[in-house]
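Trainee: just need the structure, nothing else, for what follows:
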Amino acid sequence: MAFDLTSYIGATICCLTILLLAFSRISKHRPKRYLPPGPRGLPLVGNALQIPFEYQQDKFAEWTNIYGDVIYVRVLQKHIVILNSARAARDLLEKRGAMYSDRPRFVLFNELIESFKPNMALLSYGDEWRKHRKWFQMTLSSRVSLDSYRPMQRREVVILLSNMLQTPHDFASHIKRYAAGVLMEISYGHTVTSVDDKFIRMADEAGAEILEIGGAGSALVDFFPVFKYVPTWLPGPGSFKRRALELGQFTRNTMSLPYENVKAEMASGSARPSFVSKRLQEASHPACRAEDEDRIRAGAAVIYQAGIDTTATLLTSFVLAMVLYPEVYRKAQAEMDILVRQARLPNPDDRAMLPYLECVLKEVLRWCCPAPLGVPHYVSQGDQYRDHYIPGGTMIIPNIWAMTRDADVYPDPEVFNPDRFREFTDDTEDALDPRTIVFGFGRRICPGRLLADSNAWLVAANLVATMDIRREYDSSGQEIIPVPVFTSGTVRHPRSFLCKIHPRSNKAVQTIRESNDEVEA
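Mentor: Residues are numbered from 1 along each chain as shown. I've put the predicted structure just below:
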């Protein structure tokens, strides 16, 4: 049979036409898979060279002006989507929480260091996570638990004020001791008398090492998991692995000391109520399984480690802001004086009657933004958002720092202005309250946020009531105005600064000393 070219071309055109029509009909009913916009990357490495090692939130926020509030980048073969607005974060991490509540694979923390495993903040979304979440909600979020902590918090804040009378220049250390005292008692029933406490020293050393070795999901081994298998004698990746393994052993020892101390106290009948003692009682200690003990040990450590930096940063930032904006502090003091008249210390029952102080604390939280990038989420399956496709397995980074600097939400965001929160209506207050942003989103929201909030309010209120916070002077008599510089990292800390803190009056001193006598009685 002769080959008919004309017939072949005609048949081919006919088939192509049918295929194009079919594809056109299908594509009308299928979302277009366009990735969100983002900076053009390089072959192989993607956008790795465009992301700075420090202050990444600044670069991500800068890209908003070019690419919008949902940005796609690729680091090696890892898909990453950055959310630079609260609206996008709520749309995905809250309204679509079933898909966006997982975590990426944290090779460094979960597979090399391992000491905090299982760590609720890093756990995959599932039954194990739900178990820890229930524990933390009972301990940190329930009204019964929060109310039970009030006497302990009052005792700790009185100790803080007494320490301020003696060595006011050590205010940062006193603030840290307060935060450590509250969290150690909740976790282990342990009373902290100073920052030189042996448990605190070891926990601080472990925490500093962890922050130095790399943030969650940002270490090289998280992008190249094969590096976890290299021998420890190999230069480069091997030395990193060796350091991670050594850090894992050190942090395990650090976690075990206070944990074993609680077990010994339980055996002698002297244990105080704590997260560890309650969980061990539930597990029918000493018959509980080894994995149950691992969970309890890790859970107690996470309560302390996750809370200490955030609380200390927030309160130190409050002091810094009051030094920089003395008119705000004077206004807060005037409001406080109407209520307590320096005759007593403020307590949580006074909170509703101090609306300006509430605005000040909201603005401090927005201004300092303790955890600028939060903890990455992970989308479990492909999703369409707006006109863009987000592939399954993408790491989702909420740029909380950018959200707190969103000029559409907070006009003049670089200006410290507590009054901005007085201008909101009831309909917009919750949406614009920075507390709905800085503690995370959806099912992964921080379970300790209510405790952190109550700690911040109690310390700030008592400082306002009893202490003057002023600028220091140099040798020539000129005011020293601190430059508000924050460290880079998972948690932002204000760099050390000078200020002058002293009691407002003899009456304030008397009130502090009488309160101290009461808590020591």
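Trainee: which parts of this protein are strands?
Mentor: Chain-ordered strands for the chain, with DSSP state E as the definition, fall at 70-75, 78-83, 377-378, 383-385, 388-390, 395-398, 467-470, 472-473, 479-480, 500-503.
Trainee: and the third one, what other elements does it pack with?
Mentor: In terms of contact count using 3 or more CB pairs under 8 Å, 6 or more residues apart in numbering; DSSP states H and E, strand 377-378 is assigned the packing partners strand 395-398. C-beta coordinates here come from the backbone N, C-alpha and C atoms, glycine included.
Trainee: helices or strands up against the strand it packs on?
Mentor: Packed against strand 395-398 by the contact rule (3+ CB pairs under 8 Å, 6+ apart) you find strand 78-83, strand 377-378.
Trainee: and those as TSV, adding distance to S454 and mean neighbour count?
Mentor: Listed next are the helices and strands packed on strand 395-398 as TSV, based on distance: least, CB to CB, whole Å; neighbours: other CB atoms under 10 Å:
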stretch	distance to S454	mean neighbour count
strand 78-83	28	23
strand 377-378	27	24
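Trainee: for those, which one sits closest to V485?
Mentor: With CB to CB, the closest approach to V485 among those belongs to strand 78-83: 24.1 Å.
Trainee: sheet partners, orientation included, of the closest one?
Mentor: Strand 78-83 has these partner strands in its sheet, going by DSSP bridges: strand 70-75 (antiparallel), strand 395-398 (parallel).
Trainee: pick the most deeply packed of the ones you listed.
Mentor: With neighbours defined by mean count of other CB atoms under 10 Å, none of the strands paired with strand 78-83 is more surrounded on average than strand 395-398, at a mean of 25.
Trainee: what does it contact?
Mentor: Outside strand 395-398, the residues within contact range by CB atoms under 8 Å, 6 or more residues apart in numbering are 60, 78-83, 89, 92-93, 100, 104, 217, 373-374, 376-379, 390, 440-441.
Trainee: still on that earlier bit, can you say which of the helices and strands packed on strand 395-398 is nearest to M202?
Mentor: Checking these against M202 by CB to CB gives strand 377-378 as the closest, at 31.3 Å.
Trainee: hmm, who's touching the closest one?
Mentor: Under the contact criterion CB under 8 Å, 6+ apart, strand 377-378 has outside partners 93, 100-104, 393-398, 444.
Trainee: cool, stretch 228-237 as well?
Mentor: Residues from elsewhere that reach stretch 228-237 (CB under 8 Å, 6+ apart): V107, E111, L112, L220, V221, F227, G238, S239, K241, R242, L245.
Trainee: and for stretch 36-50?
Mentor: Counting by CB under 8 Å, 6+ apart, the neighbours of stretch 36-50 from elsewhere in the structure are 59, 63, 66-68, 70-77, 81, 385, 388, 390.
Trainee: repeat that for stretch 57-67.
Mentor: In this structure, residues lying in contact with stretch 57-67 by CB under 8 Å, 6+ apart are 36-39, 50-52, 71, 82, 84-85, 372-373, 397, 399-402, 405.
Trainee: 10 Å instead, please
Mentor: Stretch 57-67 is contacted from outside by 36-39, 50-52, 55, 69-71, 73, 82-85, 369, 372-373, 397, 399-406, 488, 492, using CB atoms under 10 Å, 6 or more residues apart in numbering.
Trainee: and the helices in the stretch 51-200 of the chain, which stretches?
Mentor: 56-67, 86-89, 97-100, 127-136, 143-148, 150-166, 171-188, 198-213 (DSSP state H, counting those that start in this stretch).
Trainee: can you tell me which of these is nearest to E327?
Mentor: Comparison of the helices of the stretch 51-200 of the chain against E327 by CB to CB identifies helix 171-188 as nearest, at 20.6 Å.
Trainee: average pLDDT across the closest one?
Mentor: Per-residue pLDDT values across helix 171-188 average out to 96.
Trainee: rewinding a little: show me the one of the helices and strands packed on strand 395-398 that comes nearest D337.
Mentor: With CB to CB as the measure, strand 78-83 is the member of the helices and strands packed on strand 395-398 nearest D337 (42.8 Å).
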